[in-house]
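Engineer: here is my input; please provide its structure:
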Amino acid sequence: MPPTFYPFSANLDIYGSVPDDLAVNQPANQERVLQDWPDGIRPLAIGPWEASEISLSGFPAPAQIWSDEVEAEVNRRWALANGEAERHRKRLFDGPMVRLESFSTAVHPGGLHLSLSPTRYRYFWAMHLAPCMGQHPAITDTPLPSPIGVSAAVITSDGQILLGVRSHAVAYHPGEIHPIAGALEPEDVAGDSPVGLFRAPIRELIEETGVPRDAVLSTRLLALVQDRELQQPELIFEVRVNLSVAEIVLNAMSAVDHWEATALWSRPSDEARAAVAESPRLFTPVARAAVHLLTAGI
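Structural biologist: Residues are numbered from 1 along each chain as shown. From the prediction side, this is the model:
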């Protein structure tokens, strides 16, 4: 299979469901995984993968891919967003992020290669989230920043799928059920090592739930997907822990970061799948994909 180059431009057809060139690491699982694939989320590559099966390149690669006109429009939208956020007691922070330049399943058999570059949150806000996205010609015709999100779908010791409930103070999908999640950070991919990539979902889990690092039994990358509404790439991880839901809830009371996920949600696998089917709009697109992947048996 040739490398898959994914330019993430604003005029990309985001309404396609399953791409014809979808890469599935275990072809025998393809029919089962893609059957009843949830709406709102586009699968790009399906694993699972261990850290040893992931390769990275291209970071830090200084690249100015936006014109002065785009930069000016981004700064204008960011200034407006900060003023609005202050009025609604929301938080915006222009932190460093990691852009997905392209991905490929052809670099080494059974593996996934990610080509990366730096970006910042203000570009994500202005070009992915701003209400006027796409109305400015400079934005419409330029590549998107496409920062990579990381999501941890947790499997507890008592066999439940555990996700978070997003705060109403966050910029997108407020109040919806979502994996324990954050953004890939530059230090996660320093030296082109995939080890940090697999530490990223664990970091988010520790910060948002207080789960100790030594409680994590295993971490697998299940899929690379794209939220069709946000046009953002997301890495979905399965994280298994040796704690029950009740123990995690107790730990969460001492977590250092409660502003993004303000509650926890859990169900046994069969009940989780049924809950998503019954009330899909209570779940973010990434959460729907995570539950689907965990219950599809990959």
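Engineer: the helices in the stretch 101-250 of the chain, which residues?
Structural biologist: 121-124, 137-140, 194-209, 245-252 (DSSP state H, counting those that start in this stretch).
Engineer: what packs against the longest one?
Structural biologist: Secondary-structure packing of helix 194-209 (3 or more C-beta pairs under 8 Å, 6 or more residues apart in numbering; DSSP states H and E): strand 54-57, strand 149-155, strand 180-183, strand 216-227, strand 232-241, helix 245-252, strand 261-268. Glycine gets a C-beta too; all of them are placed from N, C-alpha and C.
Engineer: which of these sits closest to Leu293?
Structural biologist: strand 216-227 (4.6 Å; C-beta to C-beta).
Engineer: gap between that closest one and the chain center?
Structural biologist: Put simply, strand 216-227 sits 9 Å off its chain's centre (C-alpha atoms, centre = their mean, to the nearest Å).
Engineer: stretch 175-182 now?
Structural biologist: Distance, centroid of stretch 175-182 to centroid of chain: 10 Å (C-alpha atoms, centre = their mean).
Engineer: contacts only, for Leu222.
Structural biologist: Contacts for Leu222 (C-beta atoms under 8 Å, 6 or more residues apart in numbering) come out as Ile46, Gly47, Pro48, Ala153, Ile236, Phe237, Glu238, Ala290, Leu293, Leu294, Ile298.
Engineer: do I have it right that the last one meets Val33?
Structural biologist: Yes. Counting by C-beta atoms under 8 Å, Val33 is a contact partner of Ile298 at 5.8 Å.
Engineer: okay, now the unreliable bits of this structure?
Structural biologist: Filtered on pLDDT under 70, the chain yields the residue ranges 1-29, 59-65, 90-91, 131-138, 140-141, 255-259.
Engineer: rerun that using 80 as the cut-off
Structural biologist: Counting by pLDDT under 80, the chain shows low-confidence ranges at 1-32, 58-66, 85, 88-92, 106-108, 129-143, 168-172, 192, 253-261, 298.
Engineer: scan it for its longest helix.
Structural biologist: Counting residues, the longest helix found in the chain (DSSP state H) is helix 68-87.
Engineer: re earlier: wait, which of the helices and strands packed on helix 194-209 is closest to Pro285?
Structural biologist: Nearest of the helices and strands packed on helix 194-209 (C-beta to C-beta): strand 216-227, 5.0 Å.
Engineer: now that closest one - C-alpha only, CSV.
Structural biologist: Presented in CSV, the C-alpha positions along strand 216-227 are these (Å, rounded to 0.1, in the frame of the first residue of the first chain):
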residue,chain,number,x,y,z
VAL,A,216,-1.4,1.2,34.3
LEU,A,217,-1.1,-2.4,33.1
SER,A,218,-0.9,-1.9,29.3
THR,A,219,-1.5,0.7,26.6
ARG,A,220,-2.4,0.0,22.9
LEU,A,221,-3.0,2.4,20.1
LEU,A,222,-6.4,1.3,18.6
ALA,A,223,-6.9,3.7,15.7
LEU,A,224,-6.1,7.0,14.0
VAL,A,225,-9.5,8.7,13.3
GLN,A,226,-10.8,12.2,12.3
ASP,A,227,-13.6,14.0,14.0
